[in-house]
Structure formats: C-alpha cells, structure tokens
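Asker: any chance you could fold what I've pasted below:
(2 chains)
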Amino acid sequence: MRVSKRALWVVLILAVISLATWFVLARLGREEDETWTRIQGEGLIRVGMDASWPPFEFVDDDGQMVGLDVDLARAIGQRLGVQVELVNVGFDSLYDALYVGRFDAIISALPYDPLLYGDVAYSISYFNAGQVLVVRADETEISETKDLSGKRLGVELGSEGDAVGRQLQKKTESLSLQTYMAPQDVLRALKEGEVEAAIVDAVSAYQFIATEGGVQVVGDPLTDELYVIAVRLDSPLLLKAINEALVEMREDGTLQRLQEKWFR
Amino acid sequence: MRETRFFVQEYLSKHREFAQSCKFWLQGVQKPGFWLLLGSKKATKVALAIILLLVLVRPTKPVVSLGPQQEVVTINPKMGVHTRLTDEVEEWKIKQTLVMVRQMGTPWIVEYFPWAYYEGKKGHFNWSHPDVVVDHALAQGLTVIARLGFVPEWARPEDTITSYLDREHYDDFGDFVHAFVTHFQGRVRYIIIWNEPNLSLEWGYRPVDPAGYTELLKIAYSRAKEADPQVQVLAGALAPTLAPEGDPEGLNDLTYLQRMYDAGARDYFDILAIHAYGWTLPPDDPPAADKINFRRAELLRQVMVANDDGDKKCIITEGGWNDHPRWTKAVRPYQRIEYSIRAYEKALEWDWCQAVCLWAFRYPWSAKSYRDYFTFVTVDFLPKPIYLEVQRYAQGERE
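Answerer: A predicted model of the protein is given here:
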C-alpha cells in the first residue's frame, strides 16, 4: 500500500497533539500542595485574623481571641485533625501576610473580593453580611421591597444601605428615606415607629435582634457581602479540605449554632 | 476627496475578496478530503480570509467630543476634588469623570501630570494624553491645578525610584516645567512643584532636604514664570506628619516649611499647597503642633505669617476622610459626609484659602484596600451617597 507524504504528516501531527494533551491532563490531575503536606506533618494550621471585629473576632477581657471566626477556625481544625494557631494581624495586612506565608488561611469576616480571584483562592461562603430589609417583629404587611410603596424607610447616612435605599426610592412610589447616624439608630427608630422599614447590614441587624429585639429580618439579602476563607493559590488540597469541612458544618447545623451563639 | 474615494474603493475591493474567500471556504469544507489540504494555496486564502474577518469585526474606537462649554453651578466656589486621570486610558471615561465632577458642583480639580510620561527622551514631548484631560476639564468649566513630578529614567541613576532627582538634573526638571507651562499657557494656570518632599519616599528614599527642595523650587519657579508670568506656582504640598528630626521616614511638615523659608523659598512660590487629612477627627477639631487633623492647615498658615508671607493664599490640594468599615483611621460614612461638607464650608471661612480639593474623586481601578473608601464615585461611575450629598450641598439643597 502506498501512503502519501501528506497523510503521514497528518498522522504525525495528530500523534504529537494527542501526546501533548495527555501530558497536560496528567499534570492537571496530580495536585500538589506543600502547605497541606506541612499542616498534616506538623498537625498544625495557622490562621490569620484581625481581632477587632466583634462578634466575629475580638480580644476578650482575659486577653484571649474569641468570636465566631475563632470557633469556626477551631471547628475546621477539629475536622482536619490538626491544632489551630491564631495569628492576629491588622485587616489591611491580612492578604500580604498570607502571601508571604505567615499563616495558611485567613478567617476574619473576610468579604469575597472578585478582584482578588487571581491572587488567592476562596472557600465557599459561611456568612452573608450584605444589606437586609428589617421590619418590626409584629409587621405583617412588609415582607419584601415591593411592599415599601408609601412607606418610610430608615438607613444609615452614607452607608451601602443608603445607596440601596436611594436606588429603591427611584422605582418605588412615595417611598421616603430617613437617614440616621448609625445602624443602631436606624433600628431603634424602626422599633419606635419612626419608620416602617430599615435597610442595614446583616451583622448590625442580627446584633440588634439579639440585644434589643423587637425587629426581624425579612426576605433575601438585598446585597451580598459573603464572608469566606482565603488560602494561597498553591493550596488546592487545603482549600478542598476547608470546603468539605464547611459543607459538613452547614449540613450538621454547626454553622447555625455558631451564629446563634455569637448573635445572642 | 480623492483620498476618500480611494479609501472606499479599497474597502469595497477588500470586502469583495473577503466574500469570495468565504464562498470558497463554505464550498471547500463540504468537499471530501478538505482537511488534507493543509499547506495548499487555497488553505492560505482561507486563513487570510479569517484574519481579514477578525480585522473587520474589530470594535471601533468611540468618538468622544468635548461638547458644548459648561459651567459649574455651586453655592461654594472654593470646592474641589483631586481626580485620578493620569492612568485613565479611555477618553470617554476621562470625559465622564469630569462631567460628574462638574455635576457635583466642584469647580476645582487637582490632577497629576507625570514628567516621565510626557518626556520619555530629553527634549521630546508628547502632550496627547494631558491635552485630552485638560481640554475636557476646561469644557466642563473646571479649573485645573497640575501637579508636576515623576522623574523619567534618563534623568536619574539606575535603580532609583521616580521621586529621585539629584541636583545635576534640576535644570532638566526646569526645562520640563518651562515646556509644560508653555504648552498649556492659557489653559492651566496653577502648577504644583513636586509632592510631599518632606517624606523620604517622595525624595527618592533619601533623607529629606528642605534646602534641596527649595533650590529645585527656585529653578522651577523661574522657568515657569519665564514661560508664562501669569502662571501660579504652588509649593509645599507637604505630608502632614509629626516625624521628628532625623526620622528616616520624613520630617514634621511645620519644621520643613520653616526650613524652606530659611533657605529662601519666600520669593519662589505664589501659593502654598497644603495636604489636610482629618483621619478620625472632625474638621473643627482645634489644631495643635502634636496632632494631625484638618485644621493643621492653620498651623502651616501661621508659619507663613511668621515669615512675613501672610499675603499669599493657600490651596488644600489633598485632604478628606475615609469611611472604610475596618480601617483604624476611618470614620463612619455619615461622618465622612458631614466632615467633607464642613471642610468645604471652612474654606469659605478661611479668607486665605483659595480652594479645598478633597482626595479623591474616582480611581481608574480598584485599589483593593481601604483606599477605595476615599472616593466619591465607584470605578463604574456609580455615585456614592457622599457624592449625592455633596451635590445637594453645592446646589444649596442641604440644611
């Protein structure tokens, strides 16, 4: 049988492409993670946080770092079968400290930042601190923003809730906006009947519900501020382990219990 | 006209070729053995047709016009902002920024014009980008204060940073100032010489040198006036700092200004540029030599008066507050709004203050840090509540 030169070339090119594809796929399938290897070897994960953000992380009267994130870090450590070392670093330095290896992960009420997606790897979210609609506890008419027509809405002046409120005002008939100096002032005004609804961040809302009560969060969050855990890009196995732990904690109610504990 | 006709003919002929190539391609792919034609002349034609298609479907640049001459409507003509258009490439974004500045009611802008960007080679200037910025600003009725600095590679030794300028190259900077003022004569009436020279970072990571800066100021002032006697030269723009003598980071701004006077700076600037950040303190917080707050500007003013230079004006070319939720030097969002508006009001009370330009209107991209919380408008041009409140104030709608 006579085979043309052109056909031989085609066969050769296809063979080279197949070989290259196999090589790339084989490399992709074999994940390496020195951080994860070290954590397992030492039995210790180092977690960075800025302990100045109650109730997520703060220093108590005994000088101990405590809070929802501290408990979360320990719960993750338990599931990973390792001890947890907490490293207190200022919020603006958290990413840099992670990059240079001062710790293995950031757990610090850290909002997901899409702009940093190429710089760090993020876990799934464990808390949404976005803006929420809050009404009085006995309110029956307002359950979503569509019900705000003709109502008075309280917001913290200059906040993201204020920005959301101004947007809603443009598309809601007769919605009036009342501004206050702090989220707690907004929620007190709501409780006392100065306004019929309020938009504040979820952390302020849940803290107020826990301490003063008389109001409730209704509907889905109006904006998302997803708290996540960040690891270095070269820690895929650590990230996988953290994500598995978070899913497990969500399913067995641990995350819910932590929230109830720290927002009581 | 002939050129236009030629261009149209060329374009049509290219389209005809492209259409023929497409026809060939569509016929060709249906034929058995097409993929074995690699390397043939026909395949080359197909490849060329695909390249041509990519060229033709490439999006065209939007045409941005200056538009009609606008004017700023405001109850406070001393209001200003520091814009960040130096690295803004797209003209429509430059225009949109300046339209929004005008609509906020702030007639003054401070903008950075880096020497290295315009004089990449000694004596060879490219003013295309700054022309766009200045012309759009003027079309919006804004007054431009140009900050000059940023040393090109050819004017400094290797492995030095862009704030490094040695005495041998002071005249080169003077030449640049002369060229800048000449080029923008009648369009830019205010220039700032250097930025925060009392910080080591801004002085090429060398120990700060008030006498050295004054020498540079003298050259820049003389060359600027030589180009346009009407141009107003701003000096200083010192960083508010309490750094003591010998501190590697910098030198106390009050001390530095006095040293400038000692070195003979008095006759070599028309206006003092001041940086006035409030950090966590309100704008009415009383000034003190050991405190950084907005009214520290008054202490710099006192140094001027003490040096028999009280007839000159000052302009706050940077300043303001930050409302990041977690930064230790930030305030609550409502405080940032109230403090910023109060700062603008204070400019009206200070007869020696010509304008207050707060940092910063908008960044071309996110800083990914607390710095984003200094801005009035998001990267995507969404006005923050502070923008809307300042606008209401400028329109006289705020009590």
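Asker: all strands for the chain, in order.
Answerer: You didn't pick a chain, so chain A it is. For chain A, the strands defined by DSSP state E occupy A:44-49, A:52-53, A:57-59, A:65-66, A:83-88, A:105-111, A:120-122, A:127-128, A:131-136, A:152-156, A:176-180, A:197-201, A:215-218, A:226-232.
Asker: wrong one, I was asking about chain B
Answerer: B:79-82, B:108-114, B:143-149, B:190-193, B:232-238, B:271-277, B:313-320, B:353-359.
Asker: distance from the third one to the middle of the chain?
Answerer: Offset of strand B:143-149 from its chain centre (Cα atoms, centre = their mean, to the nearest Å): 7 Å.
Asker: per-residue confidence for the closest residue to chain A within the stretch 151-300 of chain B?
Answerer: For the stretch 151-300 of chain B and chain A, the shortest gap (Cβ to the nearest Cβ) falls at residue B:282, measuring 13.1 Å. (C-beta placed from N, C-alpha, C; glycine too.) Residue B:282 carries a pLDDT score of 98 in this model.
Asker: follow-up on the earlier one: mind putting the strands of chain B in CSV, distance to residue A:106 included?
Answerer: Below are the strands of chain B laid out as CSV (distance: least, Cβ to Cβ, whole Å):
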stretch, distance to residue A:106
strand B:79-82, 32
strand B:108-114, 33
strand B:143-149, 36
strand B:190-193, 39
strand B:232-238, 36
strand B:271-277, 28
strand B:313-320, 29
strand B:353-359, 28
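Asker: pick the most deeply packed of these.
Answerer: strand B:79-82 (a mean of 27; mean count of other Cβ atoms under 10 Å in any protein chain shown).
Asker: could you give the mean pLDDT of it?
Answerer: The model assigns strand B:79-82 a mean pLDDT of 98.
Asker: quick check: residues of the stretch 151-264 of chain A near chain B?
Answerer: In this structure, the stretch 151-264 of chain A approaches chain B at residues A:156, A:157, A:158, A:159, A:162, A:163, A:166, A:179, A:180, A:181, A:182, judged by Cβ under 8 Å from any Cβ of the partner chain.
Asker: from those, list just the buried residues.
Answerer: Among those, those buried by neighbour count (16 or more other Cβ atoms under 10 Å in any protein chain shown) are A:156, A:157, A:158, A:159, A:162, A:163, A:179, A:180, A:182.
Asker: coming back round to it: chain B: which of the residues of the stretch 151-264 of chain A next to chain B is nearest?
Answerer: For those, the nearest to chain B is residue A:158 (2.9 Å; Cβ to the nearest Cβ).
Asker: picking that back up, now distance to chain A too, for the strands of chain B, in CSV please.
Answerer: Formatted as CSV, those follow (distance: least, Cβ to the nearest Cβ, whole Å):
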stretch, distance to chain A
strand B:79-82, 17
strand B:108-114, 23
strand B:143-149, 26
strand B:190-193, 28
strand B:232-238, 24
strand B:271-277, 16
strand B:313-320, 13
strand B:353-359, 14
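Asker: these two touch, right, residue B:230 and residue B:189?
Answerer: Yes: judged on Cβ atoms under 8 Å, residue B:230 makes contact with residue B:189 at a distance of 6.7 Å.
Asker: re earlier: tell me the most buried of the strands of chain A?
Answerer: Of these, the one with the most neighbours on average (mean count of other Cβ under 10 Å) is strand A:197-201, at a mean of 27.
Asker: which residues are in contact with the closest residue in space to residue B:342 that isn't next to it in sequence?
Answerer: Nearest residue to residue B:342, sequence neighbours excluded (Cβ to Cβ, 6 or more residues apart in numbering or on different chains): residue B:283, at 4.5 Å. Residue B:283 is in contact with B:293, B:294, B:295, B:339, B:342, B:343, B:346, counting by Cβ atoms under 8 Å, 6 or more residues apart in numbering or on different chains.
Asker: list the contacts of the spatially most central residue of chain A.
Answerer: Closest residue to the average C-alpha location of chain A: residue A:227 at 1.4 Å, with Cα atoms, centre = their mean. Residue A:227 makes contact with A:56, A:109, A:110, A:111, A:112, A:125, A:126, A:127, A:128, A:129, according to Cβ under 8 Å, 6+ apart.
Asker: out of the residues you listed, flag the one nearest to chain B.
Answerer: Nearest to chain B among the contacts of residue A:227, counting by Cβ to the nearest Cβ, is residue A:109 at 8.5 Å.
Asker: the closest residue to the closest one other than its chain neighbours: neighbour count?
Answerer: Of all residues not flanking residue A:109 in the chain, residue A:56 sits nearest, at 4.0 Å (Cβ to Cβ, 6+ apart). Number of residues near residue A:56 (other Cβ atoms under 10 Å in any protein chain shown) recorded here: 25.
Asker: and the gap between residue A:56 and residue A:76?
Answerer: 15 Å (Cβ to Cβ, to the nearest Å).
Asker: just residue B:252 next, same as before
Answerer: 48 Å.
Asker: that older thread, residue B:230 and residue B:189: which is more packed in?
Answerer: residue B:189 (16 against 9).
Asker: tell me what the top helix by length along chain A is packed against?
Answerer: Counting residues, the longest helix found in chain A (DSSP state H) is helix A:5-29. In terms of contacts (3 or more Cβ pairs under 8 Å, 6 or more residues apart in numbering or on different chains; DSSP states H and E), helix A:5-29 is not packed against any helix or strand.
Asker: what average pLDDT does it get?
Answerer: Taken as a whole, helix A:5-29 has an average pLDDT of 73.
Asker: in JSON lines, list the strands of chain A along with distance to residue B:81 and mean pLDDT.
Answerer: Shown next, in JSON lines, are the strands of chain A (distance: least, Cβ to Cβ, whole Å; pLDDT from 0 to 100):
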{"stretch": "strand A:44-49", "distance to residue B:81": "36", "mean pLDDT": "98"}
{"stretch": "strand A:52-53", "distance to residue B:81": "31", "mean pLDDT": "92"}
{"stretch": "strand A:57-59", "distance to residue B:81": "36", "mean pLDDT": "95"}
{"stretch": "strand A:65-66", "distance to residue B:81": "40", "mean pLDDT": "96"}
{"stretch": "strand A:83-88", "distance to residue B:81": "37", "mean pLDDT": "97"}
{"stretch": "strand A:105-111", "distance to residue B:81": "27", "mean pLDDT": "96"}
{"stretch": "strand A:120-122", "distance to residue B:81": "33", "mean pLDDT": "97"}
{"stretch": "strand A:127-128", "distance to residue B:81": "34", "mean pLDDT": "96"}
{"stretch": "strand A:131-136", "distance to residue B:81": "27", "mean pLDDT": "98"}
{"stretch": "strand A:152-156", "distance to residue B:81": "24", "mean pLDDT": "98"}
{"stretch": "strand A:176-180", "distance to residue B:81": "23", "mean pLDDT": "97"}
{"stretch": "strand A:197-201", "distance to residue B:81": "28", "mean pLDDT": "98"}
{"stretch": "strand A:215-218", "distance to residue B:81": "37", "mean pLDDT": "97"}
{"stretch": "strand A:226-232", "distance to residue B:81": "32", "mean pLDDT": "97"}
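Asker: wait, which of these is closest to residue B:114?
Answerer: Nearest of the strands of chain A to residue B:114, taken as Cβ to Cβ: strand A:120-122 at 30.9 Å.
Asker: quick one: neighbours of the residue of chain B found nearest chain A, just the number.
Answerer: Residue nearest to chain A within chain B: residue B:333 (2.9 Å; Cβ to the nearest Cβ). Residue B:333 has 26 neighbours, counted by other Cβ under 10 Å.
Asker: nearest spatial neighbour of it, chain-adjacent residues omitted?
Answerer: Once flanking residues are discounted, residue B:333 sits nearest to residue A:158: 2.9 Å by Cβ to Cβ, 6+ apart.
Asker: list the contacts for the one you found?
Answerer: B:323, B:332, B:333, B:334, B:336, B:337, B:384, B:385, B:386, B:389.
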